[in-house]
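> mind looking at a prediction? Sequence and model below.
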Amino acid sequence: MKDLEFALGLADAADELSLARFRSLDLEVETKPDRTPVTDADRAVERRLRELISDHRPQDAVIGEEFANDVAASREWIIDPIDGTANFLRGIPIWATLIALRIDGELVLSVVSAPALGRRWWARTGGGSFTRDIGGETRELKVSSVASLADSYVSYNSIQQWQQIGLGSQIVKLSEKVWRTRAFGDFLSYMYVAEGIIDAASEPDLKIYDIAALVPIVREAGGTFTGLHGELEEKTSVVLATNGNIHEAMRAALGS
């Protein structure tokens, strides 16, 4: 089984578990030490994906959000079982399972599956970026051609998070320079960049499992995905994804 086919199968398994627990009256919710929520669904999904990877790719390592990570290997699956847990536990359908494969330090493929929205996105390096729409059809993705900040539609996620890293005023000033701003949130902002629906998305306070699956999809759609202050690294926490045309203008507007 090829890696992308296997990753899509992992997403199928995740969707089955997560949808069964979505809006459940007996959903178990805890607060982690970093004050973020975790549900029994997060743990069940990650546990199942780890089991499947162990069964079918026993030499591969797993980096996930909810359990101890494996020893680094040349092939690493990077998983966020439910990106958007706060939405999930409030019954908001904007959440997804994020799955990426990194080989020798390079992110080579990914799947983002949002079953409550009826949507899925995936990409493989050199193979393009695609989505399955709510009607079930598949189409290839391409970022927008917007070339100026003044004409741009930007998603910034959370003003509070930007304030926490000292860039709250820059986000407010940015909103005055662009055509329109919204906080679509979590994975969805970056999928909209890849689809060409919006032109840029930026977000602070992320971990590798929040980021990895987003990167191939944006890049294979023709976009640019970096850290706000430089190239992506293992500990990058503030990211910027754009159509490429406005990337440096976004960096400048945010004071980079």
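Sure, I can see it. Numbering: from 1, shown residues only.
> now the element after the helix or strand encompassing residue 215, going C-ward?
Taking DSSP states H and E as the definition, one finds residue 215 inside helix 214-220. Where DSSP H and E defines the elements, the next helix or strand beyond helix 214-220 is strand 224-227.
> in its sheet, which strands sit next to whatever helix or strand comes next after that next one, and in what direction?
Using DSSP H and E, the next helix or strand after strand 224-227 towards the C-terminus is strand 239-242. With DSSP bridges as the test, strand 239-242 is paired with strand 200-203 (antiparallel), strand 224-227 (antiparallel).
> give the next helix or strand downstream of strand 239-242.
Per DSSP H and E, the first helix or strand lying C-terminal to strand 239-242 is helix 247-253.
> how far away from the center of its chain is that following helix?
Helix 247-253 sits 21 Å away from the centroid of its parent chain (C-alpha atoms, centre = their mean, to the nearest Å).
> state the mean pLDDT of it.
The pLDDT scores in helix 247-253 average 95.
> how about that helix: buried residues?
247, 249-251, 253 (16 or more other C-beta atoms under 10 Å). C-beta: built from backbone N, CA, C; applies to glycine.
> and that helix, what does it pack onto?
If you count contacts as 3 or more C-beta pairs under 8 Å, 6 or more residues apart in numbering; DSSP states H and E, helix 247-253 packs onto helix 168-177, strand 200-203, strand 239-242.
> tabulate the ones you listed (JSON lines), appending distance to residue 48 and mean neighbour count.
What follows is the helices and strands packed on helix 247-253, written out as JSON lines (distance: least, C-beta to C-beta, whole Å; neighbours: other C-beta atoms under 10 Å):
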{"stretch": "helix 168-177", "distance to residue 48": "37", "mean neighbour count": "15"}
{"stretch": "strand 200-203", "distance to residue 48": "27", "mean neighbour count": "28"}
{"stretch": "strand 239-242", "distance to residue 48": "28", "mean neighbour count": "26"}
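> tell me how many other residues surround residue 185.
A count of nearby residues for residue 185, using other C-beta atoms under 10 Å, gives 19.
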